[in-house]
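[1] Compute the structure for the input listed below.
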Amino acid sequence: MGFLQEINCPQDLKKLSSANLIELAEEIRTFLLKTVAHTGGHLAANLGVVELTLALHYVFDTTKDRLVWDVGHQSYVHKILTGRKNSFSSLRQYDGLSGFPKREESIHDAFNTGHSSTSISAVLGFALAREKLGEDYKTIAVIGDGSMTGGQAYEALNQAGHLKTDLLVVLNDNEMSIAQNVGAMSSYLSRLRSDPFYMKRKKDIEYLLHKVPAIGSSVAKAAERVKDSLKYLLVPGMLFEELGFTYLGPIDGHDIQNLIVVLKKTKDLKGPILLHVLTQKGKGYAPA
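    I've put the predicted structure just below:
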């Protein structure tokens, strides 16, 4: 257990190279298999979020940033990385670690969650409190595609999009049930749309078109219609775009290097963002 034994808090991840993080992911899967075999618990979902959890803790600081898991039982890797590794054998045991996030258990657990579609509402509340109090931290919801079927999740998406509040929703899609598989075009569009310079170029082009005498306004409107038509044809996340979110994805939830790059870019974007991540339940262990 080479790298894992040196990880006692998320800050320890910053000492590792990309190659080291890939090795650490496999060590964590081995650790999960050994411990959950004795304690019982939700193995498959957690095997699927190893790289995603590593990337989230590599990019964000959960001593101040609010990270909310939904479903809560996909938080085992989060617990391992946040100082609870040595007591993990007590998972779901009497007086042991909870199988879900618990605020009373760790400073890194921002909100108590089960399987109730409450994460987006929670991070929206945190984000609004941050603005009112003039504080500085990020709010992130990790929500499964199953939890996204709950009405409260869509109510929160609607409100966050309306308010244009800065927050990040990571859609952990492990059933491939919402959008098509990862493709070259969607990956390309994701890179463009997560690039702040894309937004500036868009505004510059609109400005120049409007400056053209007589036909400027109509050309700009026509270009906007073409752009919107192409988005509906090519961008799989138009539902979220119409709700007011910047949609990124889908991306491979097991490519830790790309996850880190994209998550870092989301920190520079304004407004609500939805990052669609495709993961495989039970990754690395066929029976799961």
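[2] helix or strand for residue 240, which one?
    helix 238-242 (DSSP states H and E).
[3] in the stretch 151-288 of the chain, which spans are helices?
    Along the stretch 151-288 of the chain, the segments classed as helices by DSSP state H, counting those that start in this stretch run 151-163, 184-193, 196-211, 216-234, 238-242, 256-266.
[4] looking at these, which one has the lowest mean pLDDT?
    Among the helices of the stretch 151-288 of the chain, helix 184-193 carries the lowest mean pLDDT, a mean of 47.
[5] Thought residue 99 was touching residue 79, still the case?
    No. Checked against CB atoms under 8 Å, the pair residue 79 and residue 99 is beyond contact range at 9.3 Å. All C-beta atoms are positioned from the backbone trio N, CA, C, and that covers glycine.
[6] Find residues that contact each of the two.
    residue 91 (CB atoms under 8 Å, 6 or more residues apart in numbering).
[7] Can you give the domain ranges for the protein?
    4-180+243-278, 184-235 (automatic domain parsing).
[8] weakest of those by average pLDDT?
    domain 184-235 has the lowest average pLDDT among the domains of the chain, namely a mean of 55.
[9] quick one on the thing from earlier: now mean neighbour count too, for the domains of the chain, in JSON lines please.
    Putting the domains of the chain into JSON lines (neighbours: other CB atoms under 10 Å) gives the following:
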{"stretch": "domain 4-180+243-278", "mean neighbour count": "19"}
{"stretch": "domain 184-235", "mean neighbour count": "13"}
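[10] who touches the residue nearest to residue 99 when sequence neighbours are not counted in this structure?
    Leaving aside its chain neighbours, residue 99 sits nearest to residue 92 (4.7 Å; criterion: CB to CB, 6 or more residues apart in numbering). Residues in contact with residue 92, defined by CB under 8 Å, 6+ apart, are 39, 40, 41, 98, 99.
[11] What is the three-state secondary structure of residue 92?
    Here residue 92 is recorded as coil under DSSP: H, G, I helix; E, B strand; the rest coil.
[12] roughly how far apart are it and residue 106?
    16 Å (CB to CB, to the nearest Å).
[13] now residue 21
    22 Å.
[14] which other helices and strands contact the helix holding residue 240?
    helix 216-234, strand 246-252 (3 or more CB pairs under 8 Å, 6 or more residues apart in numbering; DSSP states H and E).
[15] correct me, but residue 10 touches residue 59?
    No. Contact criterion CB under 8 Å: residue 10 and residue 59 do not qualify, at 9.9 Å.
[16] What segments of the stretch 51-200 of the chain are strands?
    66-70, 139-144, 167-173 (DSSP state E, counting those that start in this stretch).
[17] Just send those strands back as a markdown table, with distance to residue 150 too.
    Output for the strands of the stretch 51-200 of the chain, formatted as a markdown table (distance: least, CB to CB, whole Å):
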| stretch | distance to residue 150 |
| --- | --- |
| strand 66-70 | 9 |
| strand 139-144 | 9 |
| strand 167-173 | 13 |
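[18] so which of those strands comes closest to residue 160?
    strand 167-173 (6.1 Å; CB to CB).
[19] Parallel or antiparallel, list what pairs with the closest one.
    Sheet pairing of strand 167-173 (DSSP bridges) gives strand 139-144 (parallel), strand 272-278 (parallel).
[20] And the contacts of that strand?
    48-49, 52, 56, 74, 119-120, 123-124, 126-127, 138-145, 148, 157, 160, 178-179, 245, 249-250, 253, 266, 272-279.
[21] Next, the angle from it to strand 66-70.
    Following axes from the mean of the first three to the mean of the last three CA atoms, to 10 degrees, one obtains 30 degrees for the angle between strand 167-173 and strand 66-70.
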